[in-house]
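Chemist: take a look and give me a structure for this.
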Amino acid sequence: MEKKEGVIPNATAKRIPLYYRYLKMLEESGVGRIKSKEFSKLIQVPSATIRRDFSHFGELGRSGYGYDVGYLLEVFGDILNTKVEKRIALVGVGNLGRALAQYNFKKNENLNIVSAFDNNETVIGTTINDVKIQSMDKLEHVIKKEAITTAILTVPSVNSQEVVDKVVNAGVTAILNFAPGRIKVPDYVKVQYIDLTTELQTLIYLDENFTNAKHIMVDK
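Modeler: Below you'll find the model as predicted:
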C-alpha cells in the first residue's frame, strides 16, 4: 500500500477503528466488496466523508466497483497495528471496571487487559476473566514489569490526577479516562475522555430537537 504524505486529521483517525470493526463484520458475513453508499448506510457516516477519509491512504477503491473488503481490512489493520498485542492496565474495578474486565475486548484479539488494580480490600486478590486484581501499591511495579503502555481509568474524578501521575511515571503513554474531570499529563501522553453522562445528555438533546423539528415540519 502506498500512503499519501501528510498528517491524518484527528476526525479521520477516530473513525478508522469504526471502519475496521464494521469491515470485520462484513467479512464474517461473506461480503467481498462494498460501495461507499452501502457502507454509509451501515455505519451511519456520510459517503462523502468515507471517501474523503479513505483518500488519505491512497487509491483504495475503483469507480463503479467500490472497495474490496479484504484489502481495506489489510490496510486499516496495518494502520491500527492489529497484529501486535496491546497490553492494557485497568485501574478501578467498581461496577464499570468489572464490566470492562469481563468483556476484555473479546472481538479484538490484539487488545488485552492483563492487569487490574483497586484499593478495595474486598476485591484485591480476586480474579475477573483470568485477570487478577492487585493492590494500588503494586501498580507502578507491575506496569513497568509487564511493559504496559496503555491504561483505562475508571476511578472517581477526585482520584484521577493521583492515579494518572502513577501510571505515567510507570511508563504509560495512552490513557482512556472515564472520569469527567480533566487531568494534566506530559505532551507525549495521549488522553481520551469518555463521559457517559455527557454522551447521554447530548443524545437526549439531539433526539428531542430532532423530534421537535419533525413536529414543526408536520404542523406547517
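Chemist: low-confidence stretches in the protein?
Modeler: Scanning the chain for pLDDT under 70 picks out 1-6, 107, 210-220.
Chemist: got the buried residues for the strand ranked longest in it?
Modeler: The longest strand of the chain (DSSP state E) is strand 111-118. Under the neighbour-count criterion of 16 or more other CB atoms under 10 Å, strand 111-118 has 111, 113, 114, 115, 116, 117, 118 buried. The way it works is simple: take the backbone N, C-alpha and C, and place the C-beta from them, glycine included.
Chemist: how close does the second one sit to residue 141?
Modeler: It refers to residue 113. With distances taken as CB to CB, to the nearest Å, residue 113 is found 18 Å from residue 141.
Chemist: can you list the buried residues of strand 111-118 in CSV and add distance to residue 191?
Modeler: CSV is the format used below for the buried residues of strand 111-118 (distance: CB to CB, whole Å):
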residue, distance to residue 191
111, 18
113, 18
114, 21
115, 19
116, 20
117, 18
118, 21
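Chemist: which of the residues you listed sit farthest apart?
Modeler: Pairwise distances across the buried residues of strand 111-118 peak at 20.6 Å for 111 and 118 (criterion: CB to CB).
Chemist: could you check how far residue 168 is from residue 149?
Modeler: To residue 149, residue 168 is 11 Å away according to CB to CB.
Chemist: could you identify the helix or strand that succeeds the longest strand of the chain?
Modeler: Counting by DSSP states H and E, the next helix or strand C-terminal to strand 111-118 is strand 127-128.
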